[in-house]
Every structure is written in C-alpha cells, then in structure tokens.
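Peer 1: When you get a sec, could you give me coordinates for this:
(chains A, B, C and D)
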Number of protein chains: 2
Amino acid sequence: MTTTLDTSPSGTEAVTLLDVARVAGVSPSTVSRILNGTARVAPAKREAVEAAIAQLQFRPNIFARSLKTGITMTVGVLTQSIESQFYSRALKGIEVGLEASGHSPIIVSGHWSAETDLASLQLLTSRRVDGLIILTSNISDADVQQLARQQPVVITERALEGPKLRSLHVDQKFGGYLATQHLLALGHTRIAHIAGVENRADAQDRYLGYLQAHAEAGVTPDPRLLVRGNFTDQGGHLAALRLIDSGVPFSAVFCANDDTAQGARLALYQRGLRVPDDVSLVGFDDMPTSSFMTPPLTSVRQPVYEVGLYAARMLLDMMGYPADAVQLPPLELMVRETTRKWQA
Amino acid sequence: MTTTLDTSPSGTEAVTLLDVARVAGVSPSTVSRILNGTARVAPAKREAVEAAIAQLQFRPNIFARSLKTGITMTVGVLTQSIESQFYSRALKGIEVGLEASGHSPIIVSGHWSAETDLASLQLLTSRRVDGLIILTSNISDADVQQLARQQPVVITERALEGPKLRSLHVDQKFGGYLATQHLLALGHTRIAHIAGVENRADAQDRYLGYLQAHAEAGVTPDPRLLVRGNFTDQGGHLAALRLIDSGVPFSAVFCANDDTAQGARLALYQRGLRVPDDVSLVGFDDMPTSSFMTPPLTSVRQPVYEVGLYAARMLLDMMGYPADAVQLPPLELMVRETTRKWQA
DNA sequence: CTGAAAGCGCTAACAT
DNA sequence: ATGTTAGCGCTTTCAG
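Peer 2: Modelled structure (predicted):
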C-alpha cells in the first residue's frame, strides 16, 4: 500500500464538517456520528458521507472538538533530560504505548531542578493535557498529589497512589544488590562504589543494595571506597580518578549507572589499569550501547523501555481506555566482559 | 523566588475568561485585550483584571483561542529515531529555540521508512501544527514541497527552498574530507571506510569526501576497503569484523558516524588489534559520549544542537517571529586519541 | 478606550 | 435513525 500526500489544488484549507454534511446531503450530526462511531447510521448515508469526506479531503479540526468535549488527546510527559539515552528509551516506550489510542505525547524536559520541573509541568497543564507521565522528577510528593487532582498522572521511581495517581517502581536496591553480589561471588572484597546524584532515591537505593550484599557476605566495605558521581560519564570519570589517585586499593567498581561506568572505564585506562584484568567494572541500566563498550560492560538491566510502555498503558487505563494490568520484567544482571574472578 | 503549585480547594476547574470579566467588572473583550496586549486599557481596569485573574487562578483555554485564531502554538517535529543521541541532541536544540516563543514542539518519530514517515507527518498536520521541522527524513522532495503549502517547514540535510520552505544543510562531504585528510596526513594510505545507510545523502557525501581527500593526496583507495554499515554500533561492529576477516590490510578506519566507530572499536578489540597502535579510528558527529570512549575518539564535530536551535529559529521567522539570520558553525575535526602517525 | 455580539468547527442533548 | 439547536471559551469586528 502506498500512502501519498494529497495533491490538492493548493493550500486552500478550511473544509469543515458542515461542508461535508452539505455535500453528502445529511445533517452535521450525522457526519459527526460517523466520525466518532457514536451511533448507527444507515449504510447509504454512511457511504455518502465517506465519499464526501474523501472528495473534500476533510480532516476534522481537533481543536473544535477539544473545545467541545474537553478532551485534548494529548498527554504530557516530563522528562529529566531528553538527551540522555536512558530517558529517550523510556520516551520511546511511551510513544509506542500511546500509539494505538491516538494520543500524542507532548514532551518537556525539566533540568534536574525542582524549579524548572514545576514550570515545565505548568506548561503541560496549561495545554490541558488529558494525563501526565512524570519520569523521576524532583518535585515534591505533595505537588504530584496536587497535580493528580486535575488529571490522571503516573510517576516513576516512587510509591504514590491515589484515585488518579499511579506509580511505577523498579527495585533499585535489588539491582545494587545483584551487581555487588556478583562481584563478591567472583572473589572481590574491595569493591568501590561510584554513587549517583545525591539525594536521589534511586541512587541511594542502589547504594543500599551494595551495602546489603556486603552484609550478607559478611564483608565490611571500606568507607573510603565510596565516591560520589552524578550519573554522567564526566562525573564517573572524575570520581574514578579521585578514587585511583587516593591510593586506597580496590579490585572492582560498581557504578551507579552505565554513563558513570563509561567515565570510570576511561579513567582506569588513563591510569594504566586494565579492565577486567586489574579491575572489574559493573554498571547499571544496561543501555543499548553498553554492550558495545570496549570491553562490553557487565550491567544491571533495567526495563526502561518497558517502564515507558507500561506507564503509558497505566495512564490510558486511568483515562478510561482499559488496558491489561502489567507487570514489569524484573531486574537482571547482564554479565559481559568487564568482570572477572579475583584472587588476591 | 519559589514557585508553588496552587493549593486551590480542589480540582474544580473551569474558570473562564467570562468569570474574570465578571469579577473584575469589565467586559470579556477587555480581559482578552489585556491577555493578549492587543490594545491599551485603562490602568485601573488592568489592575482589576489582573487581580481577578490571580484570585480565580484563571488560565486561558488555548483550545478556544486556537479555534478562533487558527493558531495552535505547536510545531511538529519529525525525527528519525528519538532514541539516537544524535537526534535527541537536535531535539534539545529545537526545544530551546522554541522556548521563548511559547510554542511547544510535538515530536513524532518516523522509523527510517518513507511509509511511516509520511504517516507521522500526517499525524502532525492533523494536529494543525503551525510549522514543521523535519529532521532528515525519507520522504520525497515533492511531498515536502506539498507539505510546505499548508504551513512553513524547515528541513535538514537537503537544499530545498520555497515561500514557506527553508533548509539547513551542513557540508557532509567536507566532513568526510576532513577526517580522511587527517588520516592521510598522519601517513596512512590504506584507509578503510565503513559507510552509512545506503542511499542516504549524508552517508554518500561523507564517502565522497573520503574520495576527494584521497584524490588530492594522490592515493588511490582500495575498493575492498569500503564496507557498508548502517549508522549503528551493531552495523559498525559487523562491518569491521567483515573487514578484518577479509584479510585486506589497512591501518586506519574512517567510520560514517560515531556509533559505527564504537562498534568498529569493539571489533578491533575482539580481534586483538590495538587502537591507535595498530589501527587509527575516526568517527563522525562527535557525540558527547565519544570523548569518553576508550580511548577518546577522534571525530568530526557536527553542530547538531545548533542545527536544532537554528531550525527552530528559521521556522519561527517564517511564522512571523522575526529572528536574526543565523550561520551554522562549520564542521571541525576533534583530534583525540584514536589516531596516530603511521609508518609502514 | 471599552462593550456588544457574532462566530471559529465541532458535539450532544433533545426532538422527531 | 437522523435532524435541530445550543453552546464549548475565546477573539474580534463594529459601534459608541
């Protein structure tokens, strides 16, 4: 099937539903009914209308419709940073999840700041979106709850529920546990951690998992092995440099995310430390490019795309397009080539 | 300054301009005039209206406005793939470029196919966007021209002009030239090229630059050194493997983009070839993460973000928000650590 | 400088 | 099953 752009005479717009009604010899309501499937109409009229629509190349004005119905067929999405692979994968999931329903996402990016996040959200609500998806923002629970009074919202990475509020959470602590436990099992006992952004729950949880794995294995992590990163390659690079240059010995690094791991990997290289021969490295997120790192990165796979997809579904569900309940796939450790057995 | 979400009684929406007029004791038209700065009004009334707006927390219904004015305050953006770092950077530029004007981008992604691109575009126009930005799509020039009759469009990576049509082009061939010339200058004579997607002008142009540099240097490239990639890390990986395993000798690889280079770098590693000791590697695009590759990648910097930014400005300009004419920064070779002198 | 009034294009009672 | 009609919330002549 070949789609073509109409080769209509020119940009002479403005054919309305009324025109269609006139040409088809029916009333406007009939046209409307056919358009929306609101009621049954006689086959003959239906055909006439469809012919008229085709002939006139009529396309309903969704603004007029929205004005009347109050439904905008848009959902707002707040993302932390449209530039990060992580969020754009989630965005993709949202796009796909929304596809069938005919809703369009309108995406704004906050900038890791509560102030601008709130402003972005305000832009979205001023556009009267039918629903809101908030990807891990900095705004307060109270504000989220407030927002959820105006329209359904789904938010990730925190547990918040309400009549028009759902949340989607994956167990970050478990991920941190998985990563660290893997390293421990390989015989590492001096495992450094490059943490994520301070005060972010996901960053904190991953660290907690690191602690838990240690506790279970009965090894006490050296506190000097904990350095702060910020979820970026740059931050990871700096942190790893600091760590190496501190002289505190370690044989493995668990990074708060893959970007951090990539930065750390470069730092190791620059200081002449081989991966995985001298140091084992594990990341978090398992971004698509991580399997193409050199060497391919061992990482905790997070179902980012699915989070987006399911967030969209949950939202649609609240908006009255019932969807099956969904279960997020669990976190999973993807063992690749940056980790190896250690004997001191 | 602290922004707060209103703590209004509840989700009792629906305060209209009429309510404001009533409370302020003026006519609706006066309120409208103040909202839009359409005419001068007496200071007293202005204050009364502003007070009423604040008190009622009035927010104009943009759908009603759009219905009346025909202006939707949205611009459509068609991107090839929202997941690629390349496009999301451009998207970011667009977002920033649009910011001040109050227009919101609505983004759809095509999928590297003419069919779906066209469908996505149709979604956009059915939303009656005020303008369109097309990032390098597969749709035909004729269709683009057709589209430009309905609303202003700016398109990247091809030269197309018209009353409501502008294009933004960066000289890809020159980029290919730059990369190859650098390698030649280092003494390499057996330079492989992992090309981009077939039939894409940018991929072709980069290859043409490769050829031109060779011609100028008086060296004839071995045709067996040209292998096809597809702009992805996976494609680059496969192509490089094929190249290495073919046994045809080479000392350098120019990759059609950074993703390809990342894949190639992994292949080299897997075959025991060191970068840059045994093989020099250069990429194209200079994505932010490329400077964190191990080792940091030499790459042709393309002003992707600026392309987005300027595209937005050009569009706004056509839409009647005059902007300064803009000049794209030129391509630039970022020499890092994957390239090195060669003596056979 | 300000108000009255007429719609923008569509949907949804309410009739028939 | 289909038509009539009254708006949705805003902007914008047109008077005054």
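Peer 1: give me the number of residues near the spatially closest residue to residue A:246 that is not a sequence neighbour?
Peer 2: Nearest residue to residue A:246, sequence neighbours excluded (Cβ to Cβ, 6 or more residues apart in numbering or on different chains): residue A:224, at 6.8 Å. Every C-beta, even on glycine, is put in place using the N, C-alpha and C of the backbone. Neighbours of residue A:224 under the rule other Cβ atoms under 10 Å in any protein chain shown: 13.
Peer 1: what comes into contact with stretch A:110-125?
Peer 2: For stretch A:110-125, the external contacting residues (Cβ atoms under 8 Å, 6 or more residues apart in numbering or on different chains) are A:76, A:78-81, A:106, A:108-109, A:132, A:134, A:137-140, A:143, A:147, A:150-151, A:197, B:3-5, B:104.
Peer 1: Mind doing that once more with 6 Å?
Peer 2: A:76, A:78, A:80, A:108, A:137-139, B:3 (Cβ atoms under 6 Å, 6 or more residues apart in numbering or on different chains).
Peer 1: Could you tell me which residues of chain A lie near DNA strand C?
Peer 2: A:14, A:16-18, A:28-29, A:31-32, A:35-36, A:38, A:58, A:60-61, A:64-65, A:67-69 (Cβ under 7 Å from any atom of the strand).
Peer 1: Selection in PyMOL covering whichever of these are buried, please.
Peer 2: A single PyMOL command selects the buried members of the residues of chain A next to DNA strand C (16 or more other Cβ atoms under 10 Å in any protein chain shown):
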select buried, chain A and resi 16+17+31+32+58+60+61+65+67
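Peer 1: from the residues of chain A next to DNA strand C, which are also near chain B?
Peer 2: Among the residues of chain A next to DNA strand C, the ones lying near chain B by Cβ under 6 Å from any Cβ of the partner chain are A:64, A:67.
Peer 1: If you rank the contacts of stretch A:110-125 by neighbours, which is first?
Peer 2: residue A:76 (27 neighbours).
Peer 1: Not counting sequence-adjacent ones, nearest residue to it?
Peer 2: Closest residue to residue A:76 apart from its sequence neighbours, by Cβ to Cβ, 6+ apart: residue A:124 at 3.3 Å.
Peer 1: How about the secondary structure of the one you found?
Peer 2: helix (DSSP: H, G, I helix; E, B strand; the rest coil).
Peer 1: Now do the strands in chain A.
Peer 2: Along chain A, the segments classed as strands by DSSP state E run A:74-79, A:104-109, A:131-134, A:153-156, A:165-168, A:191-195, A:226-228, A:252-255, A:280-285, A:298-301, A:332-334.
Peer 1: Contacts only, for residue A:256.
Peer 2: Contacts of residue A:256 by Cβ under 6 Å, 6+ apart are A:195-196, A:203, A:206, A:229, A:284.
Peer 1: Would you mind measuring from it to residue B:51?
Peer 2: Per Cβ to Cβ, to the nearest Å, residue A:256 is found 49 Å from residue B:51.
Peer 1: Neighbours of the spatially closest residue to residue A:137 that is not a sequence neighbour, how many?
Peer 2: With sequence-adjacent residues excluded and distances taken as Cβ to Cβ, 6+ apart, residue A:137 is closest to residue A:117, at 4.7 Å. Residue A:117: 23 surrounding residues under other Cβ under 10 Å.
Peer 1: what's the answer for residue A:213, then?
Peer 2: Neighbours of residue A:213 under the rule other Cβ under 10 Å: 23.
Peer 1: For the nearest residue to residue A:225 once chain neighbours are set aside, list the residues it contacts.
Peer 2: Excluding the flanking residues, the one nearest residue A:225 by Cβ to Cβ, 6+ apart is residue A:192, at 4.2 Å. By Cβ under 6 Å, 6+ apart, the residues touching residue A:192 are A:225, A:243, A:250, A:253.
Peer 1: Check residue A:4 and give its pLDDT.
Peer 2: According to the prediction, residue A:4 has pLDDT 51.
Peer 1: how close does the residue of the stretch 51-200 of chain A found nearest DNA strand D get to residue A:17?
Peer 2: Nearest residue of the stretch 51-200 of chain A to DNA strand D (Cβ to the nearest atom of the strand) works out as residue A:68 at 3.6 Å. Applying Cβ to Cβ, the value for residue A:68 to residue A:17 is 12 Å.
Peer 1: can you check residue A:301 too?
Peer 2: 49 Å.
Peer 1: before we move on, what about residue A:240?
Peer 2: 63 Å.
Peer 1: Likewise for residue A:263?
Peer 2: Residue A:263 is 57 Å from residue A:17, by Cβ to Cβ.
Peer 1: Residue A:142 now?
Peer 2: 44 Å.
Peer 1: Also residue A:326?
Peer 2: From residue A:326 to residue A:17 the distance is 37 Å (Cβ to Cβ).
Peer 1: Ok, residue A:69 next?
Peer 2: 14 Å.
Peer 1: Name the residues of the stretch 51-200 of chain A found near DNA strand D, please.
Peer 2: Near DNA strand D, when you scan the stretch 51-200 of chain A using Cβ under 7 Å from any atom of the strand, you find A:64, A:67-68.
Peer 1: I'm done for today, thanks for sticking with me.
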